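*Asks:* Sequence and predicted model, in that order:
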Amino acid sequence: LKDAYKSINESFVHASAENECKVSLKLIHSEHINSSNVAEILRELQGILVAPGFGLRGIEGKIEAIRYARENKIPFFGICLGMQCAVIEFGRNVLGLVGAHSTEMNPETKYPVIDLMEEQKKIKGMGGTMRLGSYPCMLNKGANVYRIYQTMNISERHRHRYEFNNEYLEAYEKAGMLAAGMNTKDNLVEIIELKDHPWFIGVQFHPEYKSTVAKPHPIFVDFVKAAIKFKESKS
């Protein structure tokens, strides 16, 4: 349903104008993706964005799409749940954490790489556990996102409940998935990147909420730029 992601679609319009190109969006239902057809469905794409969402529906298809983007060095952008699925995919297929998941989808998972913070678990009314509104984030100076933002301190809008589980952070960074941006006040991972990938970024926040015609969001602008570069490298 196009309107479900209207702000993301509009952000691509803003980013395409900034890059003086036209972005052609192919909207793909993740419930239709599996390991046997993922290459056929995604092979013509120059960039893959996995969008926000809630719940179990279509999760395995999102994870397969991310694996395809990671293994084939296709520019990848994950927003909110899309970032969390990238963490799950990396845990399963790189770290070998069989059945790694978010406790949102599988409360009994042996490897809860995405989980509620301890203080959230004590809250009974689920609406009260969401992280809403604008939060600060400090960028890693060596990260791709630092180059994109050209500043160390940013502020972005949030609308989510579950977080990267910091118990696994050391193992992830050792294997090549870096915490490129942190909420230092609460020690929360806000941005992940892959070291050995030309453009692989997942953000816990919603950059589409701040993109405008007059001021396109820098991550969308750079994602489109990376897609153009990928297309040129293949032609």
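*Replies:* That came through fine.

*Asks:* Who are the contact partners of the closest residue to residue 213 other than its chain neighbours?
*Replies:* Setting aside the residues directly before and after it, residue 213 is nearest to residue 14 in space (C-beta to C-beta, 6 or more residues apart in numbering), at 5.7 Å. (C-beta placed from N, C-alpha, C; glycine too.) Contacts were defined as C-beta atoms under 8 Å, 6 or more residues apart in numbering; by that measure residue 14 touches 211-213, 216-217, 220-221.

*Asks:* Drop anything exposed from those residues.
*Replies:* Those of these that meet the buried threshold are 211, 216-217, 220-221, by 16 or more other C-beta atoms under 10 Å.

*Asks:* Could you tell me which of those belong to strands?
*Replies:* Cross-referencing those with the strands (criterion: DSSP state E) gives no overlap at all.

*Asks:* So among the residues you listed, where is pLDDT lowest?
*Replies:* In terms of pLDDT, the lowest of the buried ones among the contacts of residue 14 is residue 211, showing 93.

*Asks:* remind me, longest helix of the chain?
*Replies:* Criterion DSSP state H: the longest helix present in the chain is helix 218-234.

*Asks:* where along the protein do the strands fall?
*Replies:* Counting by DSSP E, the chain forms strands over residues 48-50, 76-79, 101-102, 112-115, 131-139, 153-160, 163-164, 177-183, 188-194, 200-203, given from the N-terminal end onward.

*Asks:* and the last one, what other elements does it pack with?
*Replies:* If I follow you right, that is strand 200-203. Other elements packing on strand 200-203 under the criterion 3 or more C-beta pairs under 8 Å, 6 or more residues apart in numbering; DSSP states H and E are strand 76-79, helix 81-93, strand 188-194, helix 218-234.

*Asks:* Please spell out which residues along that strand are buried.
*Replies:* By neighbour count, and taking 16+ other C-beta under 10 Å as the criterion, the buried residues in strand 200-203 are 200-203.

*Asks:* what about the residue most central in space within the chain, distance to residue 189?
*Replies:* In the chain, the centroid-proximal residue (C-alpha atoms, centre = their mean) is residue 78; its distance is 2.1 Å. To residue 189, residue 78 is 13 Å away according to C-beta to C-beta, to the nearest Å.

*Asks:* just for the protein, where's the confidence low?
*Replies:* For the chain, residues meeting the criterion pLDDT under 70 lie at 117-132.

*Asks:* rerun that using 80 as the cut-off
*Replies:* Judged by pLDDT under 80, the chain has its weakly predicted residues at 1-2, 54, 117-133, 159-161, 235.

*Asks:* got a list of what the nearest residue to residue 207 once chain neighbours are set aside touches?
*Replies:* When the adjacent residues along the chain are set aside, residue 207 lies closest to residue 217, with 4.6 Å between them (C-beta to C-beta, 6+ apart). Listed by C-beta under 8 Å, 6+ apart, the contact partners of residue 217 are 11, 14-15, 207-208, 210-211.
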